[in-house]
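Undergrad: quick one, structure for this:
(one chain, ligands or ions: 1)
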Amino acid sequence: MSQGVPGTPPNLSLQNALQTASATRQSFGYCPAQGEVPLRSALVEEMKEIYGRDADLAAEDIALTVGCNMAFVASIMSIADAGDEVILPRPCRETHAPPKTGAIYPPSLIASFASLAAENNIALILDETYRDFLIPRTPPHLLFTSPTWRSNLIHLYSFSKSYRIPGHRLGCIVASPTLITQIIKILDTLQICPPRIPQIALAQSGLLQELRADIHGTAEQVAKRHQLFREHLSKRWEIASQGGYYAFVRHPFTGVGSAEVCERLAKEMGVVVLPGAFFGGADSNDDRWVRFSVANVDDEKVKRVCERLVESEQGFGWELS
Ligand SMILES: Cc1ncc(COP(=O)(O)O)c(C=O)c1O
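TA: The predicted model follows:
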């Protein structure tokens, strides 16, 4: 339960579309550095469904990338010089600015961050890779409806999770066309162009629309697995947040760091999870957090992991809080 990867292959319609796309002549060559217009246009429509019909978005605001990690790297490289400061919410992974802890930021909090950033003339980068996993399905925020969002907002998204195609490496950046022009100079040197097969496949007429039901179904399944985890987890382990693929949980062993706990869980219990110390928490006085991912395990495994955590409480011989 360590890695945030989808546990099932993509929807059959997408698998077929990928197969067809891979046999087209155009898939063999480069495409424009910003990505192909048909997918960028289809994405605008999709984003309007998610962020509201009055979201002010256009294909020119979007650049497609080799996954969302590339989107993040290219965005940071385009706005920060050596020595500049980047503010990250903690706990976080350095590769993605947002929490990968399952914490869900409500629209009001995101709006406050946006105002604070705007007042101080700094860019706000939002990685919204898990936006489709929000239940109930309400807009993650309303920033795109503001006529001024382009002044400082950079939105990132990954196709890896919702569409379950991490190996096809597709992500995107949504920002002002002025900034996108600069970002493309970086993307051109790092990736030349985004991968064509998933672009051609996903741009098939009506496919994004068709896949919405599949995405919602997966989100419901992941939410049910979170619930199962909650119900079966020993009361000594305290859940701080659950959302997207993840749960951030406080372990019950007093005076033991998260890395040591995770090492023993892996070696002695066969449970692989990430120590909170990997999320920038190592220097804190409260290194008791463990990150679980519920996406790539089935319900039975979730229950077995919970049983093994109970076994560890006695088996490790550590003092319990
Ligand atoms: C928040 C977040 N952003 C980006 C990524 C990476 O996405 P991609 O596979 O598109 O590079 C991940 C993957 O775990 C993630 O959790």
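
Undergrad: since we're on the one residue in the stretch 101-250 of the chain that gets nearest to the ligand, how many residues are nearby?
TA: Residue nearest to the ligand within the stretch 101-250 of the chain (CB to the nearest ligand atom): S158, separated by 3.2 Å. C-beta: built from backbone N, CA, C; applies to glycine. Using other CB atoms under 10 Å, S158 is surrounded by 25 other residues.

Undergrad: near the ligand, which residues of this protein show up?
TA: Contact residues, the chain versus the ligand (CB under 6 Å from any ligand atom): 4, 67-69, 96, 98, 100, 127, 129, 158, 160, 166, 171.

Undergrad: of all those, which two lie farthest apart?
TA: The largest separation in those, counting by CB to CB, is between P98 and P166 at 17.2 Å.

Undergrad: which strand or helix spans the closest residue to A59 other than its chain neighbours?
TA: Excluding the flanking residues, the one nearest A59 by CB to CB, 6 or more residues apart in numbering is R40, at 4.1 Å. Assessed by DSSP states H and E, R40 sits inside helix 37-51.

Undergrad: burial measure for P9, as a count.
TA: Residues near P9, counting by other CB under 10 Å, number 10.

Undergrad: now stretch 200-219, how far from the centre of its chain.
TA: How far stretch 200-219 lies from its chain's middle: 18 Å, per CA atoms, centre = their mean, to the nearest Å.

Undergrad: hmm, back to that, strands - which of the residues of the chain next to the ligand land there?
TA: Of those, the ones assigned to strands by DSSP state E are 127, 158, 171.

Undergrad: quick check, nearest of those residues to D81?
TA: D81 lies nearest to D127 out of these, by CB to CB, at 21.4 Å.

Undergrad: and the next helix or strand after the helix holding R40, which strands flank it?
TA: Counting by DSSP H and E, the element after helix 37-51 in chain order, helix or strand, is strand 62-65. Sheet pairing of strand 62-65 (DSSP bridges) gives strand 171-174 (antiparallel).

Undergrad: pLDDT wise, what is Y157 at?
TA: pLDDT recorded at Y157 is 98.

Undergrad: having no further points to raise, I will conclude here.
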